[in-house]
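# Just need the structure, nothing else, for what follows:
(one chain, ligands or ions: 1)
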Amino acid sequence: MDIKSGHSSPVMTDSPPISNSILTIRQNRLPYSSSAAAATALSQNNNLFLTVPRKKTGILDDVKSSGWLDAMKSSSPPPAIVNKDNISSDATDMSYREWTLKYPSALTTFEKIMSFAKGKRIALFLDYDGTLSPIVEEPDCAYMSSAMRAAVQNVAKYFPTAIISGRSRDKVYEFVGLSELYYAGSHGMDIMSPAGESLNHEHLSRTVSVNEQGKDVNLFQPASEFLPMIDKVLCSLVESTKGIDGVKVEDNKFCISVHYRNVEEKNWTLVAQRVDYVIRTYPNLRLTHGRKVLEIRPVIDWDKGKAVTFLLESLGLNNCDDVLPIYVGDDRTDEDAFKVLRDGPNHGYGVLVSAVPKDSNAVYSLRDPSEVMEFLKSLVTWKRSLE
Ligand SMILES: O=P(O)(O)OC[C@H]1O[C@H](O[C@H]2O[C@H](CO)[C@@H](O)[C@H](O)[C@H]2O)[C@H](O)[C@@H](O)[C@@H]1O
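All right, here's what the predicted structure looks like:
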């Protein structure tokens, strides 16, 4: 995703460097709607709002020409093909091995990574779905194992650790259940510090709230002005998709997920059309493609990459030569964070979790959540060996 400056305001353009990393922005310029007011307010507050010019076309044309269906079909590739003895086919193994030449395993190259980490403070950023928990059919059942929870808890004793998820912050907190972590829900649009820690950022406002234990925590919510609009869109999406078998609309607070994993493929066009029909009247919303999910969120200049930078600044760890941020994630939305660590001043490593070869801005790879757990344990062992 590129953010380019237009004449009067930044314009988001769709030029992903990665195949299938599709950020669809529909090209309709629509009449000013009530949502524009919220966006204008936000724009005046902190310049995060992006305008997206649109050109009006038919709904089906839009769905087809913007590549929604292609993106839907290619999202969340199936796990590596296995034969009846549950052994990966030679061809699959070979292409995965070739791919790891470009994105080496963070486990097999662990020593090398740690040689870069020597004398540095590691800051750890972890995606949730597909990274700490396996992808399952029912989004409400994406539980994390207790072994994984213990691994995250241990690693957080040694390194500042944040969970960065597309889910609502409350939901991801409910799954992880560790109060000592930083949480960034709604793709980074809802950031919470652990109790007793502050979110210090010189330019942007923050609010104080209480956590589940009644303790004060700091919140940073750059899209709060959009909440009334998001609530309205959520209701419309639930209403407009309710006749489609298997569809699930998930409330992620500052964004909305429309899941089609359990919808018959012949009905995916219908899902896309219904979603398009609802969101086309909201020029301040954009759509991204996740793993068998359409994700709808406000058009603000904020993503997981921005959240990582914000957290590093809040922790006083930005632009420091002696800091090594590591971000582990499996999703297209994690690419924004990989890119920030690869290209930005807070140089660090993205680790892509994938069982199939795909292009990425990450540097290293891990096959699945069980390898993520091994990696977290190795970090702890390494840190203890230095004591
Ligand atoms: O940023 P993440 O923590 O990776 O969240 C991204 C989306 O994850 C969830 O959906 C995905 O996982 C589900 C459970 O395994 C799966 O059923 C679904 O098909 C996946 O897309 C979550 O439900 C979404 O709201 C998040 O946007």
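
# quick one, phi/psi of the spatially most central residue of the chain?
Nearest residue to the geometric centre of the chain (Cα atoms, centre = their mean): residue 333, 4.0 Å. Backbone torsions of residue 333, given as degrees, to the nearest 10, read phi -70, psi -20.

# buried stuff in stretch 340-352?
Neighbour-count burial for stretch 340-352, counted by 16 or more other Cβ atoms under 10 Å, picks out 340, 341, 342, 344, 346, 348, 349, 350, 351, 352. Placement of C-beta: from N, CA and C, glycine included.

# Briefly note if that stretch comes near the ligand.
No: using Cβ under 6 Å from any ligand atom, stretch 340-352 never reaches the ligand; the gap is at least 12.3 Å.

# now do the same end-to-end measure for that stretch.
End-to-end distance for stretch 340-352, by Cα to Cα, to the nearest Å: 14 Å.

# what does the average pLDDT come to for stretch 126-137?
What stretch 126-137 shows for mean pLDDT is 98.

# List of residues touching it?
76, 139, 142-145, 148, 152, 161-167, 172, 175-176, 261-262, 291, 304, 327-331, 334, 353, 368-369, 372 (Cβ atoms under 8 Å, 6 or more residues apart in numbering).

# Need the single longest helix in this structure, by residues.
Assignment by DSSP state H gives helix 369-385 as the longest helix of the chain.

# Can I get that helix as CSV, trimmed to CA atoms?
What follows is helix 369-385, C-alpha atoms only, in CSV (Å, rounded to 0.1, in the frame of the first residue of the first chain):
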residue,chain,number,x,y,z
PRO,A,369,1.6,-21.7,15.2
SER,A,370,3.4,-24.7,16.6
GLU,A,371,6.7,-23.4,15.1
VAL,A,372,5.7,-19.9,16.5
MET,A,373,5.6,-21.5,19.9
GLU,A,374,9.0,-23.1,19.4
PHE,A,375,10.4,-19.7,18.3
LEU,A,376,9.0,-18.0,21.4
LYS,A,377,10.5,-20.7,23.7
SER,A,378,13.9,-20.3,21.9
LEU,A,379,13.8,-16.6,22.6
VAL,A,380,13.3,-17.3,26.3
THR,A,381,16.1,-19.9,26.4
TRP,A,382,18.5,-17.5,24.5
LYS,A,383,17.7,-14.6,26.9
ARG,A,384,18.2,-16.9,30.0
SER,A,385,21.5,-18.1,28.6
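
# before we move on, back to that, export the buried residues of stretch 340-352 to CSV and append columns for secondary structure and pLDDT.
Shown next, in CSV, are the buried residues of stretch 340-352 (DSSP: H, G, I helix; E, B strand; the rest coil; pLDDT from 0 to 100):
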residue, secondary structure, pLDDT
340, helix, 97
341, helix, 97
342, helix, 97
344, coil, 87
346, coil, 89
348, coil, 97
349, strand, 98
350, strand, 98
351, strand, 98
352, strand, 98
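
# tell me the secondary structure for residue 360?
coil (DSSP: H, G, I helix; E, B strand; the rest coil).

# now the helices: where do they sit in the protein?
Taking DSSP H as the criterion, the chain carries its helices at 34-46, 59-65, 68-74, 90-102, 110-117, 146-158, 169-176, 227-241, 268-279, 304-314, 335-343, 369-385.

# for the ligand, what are the nearby residues on this protein?
127-130, 135-137, 139, 142, 165-167, 250, 252, 257, 259, 261, 290-293, 295, 331, 333.

# So how do I select the buried members of those residues in ChimeraX?
Buried members of the residues of the chain next to the ligand, defined by 16+ other Cβ under 10 Å, are picked up in ChimeraX with:
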select :127,128,129,130,135,139,142,165,166,167,250,252,257,259,261,290,291,292,293,295,331,333
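
# Return the set of residues that bridge with the residue nearest to residue 109 when sequence neighbours are not counted.
Spatial nearest neighbour of residue 109, excluding adjacent residues (Cβ to Cβ, 6 or more residues apart in numbering): residue 364 at 6.6 Å. Judged by DSSP bridges, the bridge partners of residue 364 are residue 351.

# neighbours around residue 364, how many?
By other Cβ atoms under 10 Å, 23 other residues sit near residue 364.

# Check the gap between it and the ligand for me.
18 Å (Cβ to the nearest ligand atom, to the nearest Å).
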